[in-house]
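Peer 1: Dropping the sequence and predicted coords here.
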Amino acid sequence: MKTNERDRMLEERVAAALDERLGEIGTSVAGRLAAVRAAAMELPRGHRFWFAAPHRILAGGVATAAVVVVAGSLWFSTLKPPQPVVAITNPDDVEMLTTRDRIEMYQDLDFYRWLDEGGRNGG
């Protein structure tokens, strides 16, 4: 079965079902539907496009804005090269970084070194 033939059969079934349902609604509703249909059929083709265009423009604008935001975030958030690892050569620095003691003691580390070198004896 070809696609055109399937489409035609589907249209016929939908039209038959809608015609069947048309008999079930009231005459006032059917009259209003007929009036709306007639008014829609009288519109020029260009006018229908402009009537529906704001929705398309709005959807296109939102999609464009989303693409710009994603592209901008990818462009400006490029991965930075990793920073080189600096070797720690002073063993006191390793001890200071790995200790669980309070850090206040290390704020006056120069004073403690001075004391260790003999600062107590005036030397």
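Peer 2: Nice, thanks for sending it over. On a predicted model such as this, the values are computed, not experimentally measured, just so you know.

Peer 1: can you count the residues close to residue 14?
Peer 2: With neighbours defined by other CB atoms under 10 Å, the count for residue 14 comes to 10. All C-beta atoms are positioned from the backbone trio N, CA, C, and that covers glycine.

Peer 1: again with residue 57
Peer 2: With other CB under 10 Å as criterion, residue 57 counts 10.

Peer 1: Then the one 5 residues further on?
Peer 2: One way to gauge burial is a neighbour count; for residue 62, by other CB under 10 Å, it gives 10.

Peer 1: One more: residue 96?
Peer 2: As a burial measure, residue 96 scores 15 neighbours (other CB under 10 Å).

Peer 1: elements contacting the helix or strand hosting it?
Peer 2: According to DSSP states H and E, residue 96 maps onto helix 91-98. Helices and strands touching helix 91-98, by 3 or more CB pairs under 8 Å, 6 or more residues apart in numbering; DSSP states H and E: there are none.

Peer 1: change it to 10 Å
Peer 2: The contact analysis (3 or more CB pairs under 10 Å, 6 or more residues apart in numbering; DSSP states H and E) places helix 91-98 against helix 104-107, helix 109-116.

Peer 1: For it, output the C-alpha coordinates as CSV.
Peer 2: Extracted in CSV, the C-alpha atoms of helix 91-98 (Å, rounded to 0.1, in the frame of the first residue of the first chain):
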residue,chain,number,x,y,z
PRO,A,91,60.6,19.2,54.5
ASP,A,92,59.1,21.7,56.9
ASP,A,93,56.6,22.7,54.2
VAL,A,94,55.5,19.1,53.7
GLU,A,95,55.1,18.7,57.5
MET,A,96,53.0,21.9,57.6
LEU,A,97,50.8,20.8,54.7
THR,A,98,50.2,17.3,56.1
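
Peer 1: Cool, thanks, signing off.
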